[in-house]
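Student: below are the sequence and a predicted model; questions follow.
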Amino acid sequence: MSIEARRDVFQAIADPTRRQIINLIAHKSMNLNAIADNFDISRPAISQHIKILTECGMVVIRQQGRERFCEAKLDTLVEVSDWVHQYHKFWNEKFNSLDKYLNKIQTNTKSKKK
């Protein structure tokens, strides 16, 4: 199995540079040079990040004349949102239980002081 076949949206967002690239192109497509101008790393490094984002399905490259424009495909983030949501529910339940316990302790402490 090749590395490319194992890439997913979680790998795409794991790197801060890739997250910044996604933020840059979330509202408008940009060419590779315009994207690279926003970073203090080499153009080949940006190209590598774009390649990974493309393999993860988060970016589509559209050829327009001699220029290559990158467009974000944010619908792939639904997978991340779903994954995070399951833990959100888990932690909400834990925090609700903790609140109940703390309220109970607080009530007991006030009762003993009277």
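Tutor: Looks like it came in fine. Just so it is clear, the structure is predicted and the values come from calculations on it, not from any experiment.

Student: list the contacts of residue 25.
Tutor: Contact analysis of residue 25 by Cβ atoms under 8 Å, 6 or more residues apart in numbering lists 35, 59, 70-72. From N, CA and C alone the C-beta is placed, and that goes for glycine too.

Student: just the strands from this protein, written as ranges.
Tutor: Counting by DSSP state E, the segments of the chain that form strands are 30-31, 59-64, 67-72.

Student: for the second one, output the C-alpha coordinates as CSV.
Tutor: Output for strand 59-64, consisting of C-alpha atoms alone and laid out as CSV, is shown next (Å, rounded to 0.1, in the frame of the first residue of the first chain):
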residue,chain,number,x,y,z
VAL,A,59,-7.6,20.9,-2.1
VAL,A,60,-8.3,20.8,-5.8
ILE,A,61,-5.9,22.3,-8.3
ARG,A,62,-7.4,24.0,-11.3
GLN,A,63,-5.2,24.9,-14.3
GLN,A,64,-6.0,28.3,-15.8
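
Student: give the pairing partners of that strand; include direction for each.
Tutor: strand 67-72 (antiparallel) (DSSP bridges).

Student: pull out the buried positions in the strand it pairs with.
Tutor: Buried residues in strand 67-72, counted by 16 or more other Cβ atoms under 10 Å: 69-70, 72.

Student: and of those residues, the nearest to residue 102?
Tutor: Closest approach between the buried residues of strand 67-72 and residue 102, by Cβ to Cβ: residue 72, at 42.9 Å.

Student: what about the longest helix seen in the chain, average pLDDT?
Tutor: Counting by DSSP state H, the longest helix found in the chain is helix 78-113. Averaged across helix 78-113, the pLDDT comes to 85.

Student: tell me what that helix is packed against?
Tutor: Judged by 3 or more Cβ pairs under 8 Å, 6 or more residues apart in numbering; DSSP states H and E, helix 78-113 is in contact with helix 9-14.

Student: who touches the residue positioned nearest the centre of the chain in this structure?
Tutor: Nearest to the mean C-alpha position of the chain, counting by Cα atoms, centre = their mean, stands residue 13 at 4.3 Å. The contact partners of residue 13, by Cβ under 8 Å, 6+ apart, come to 19, 22, 77, 80.
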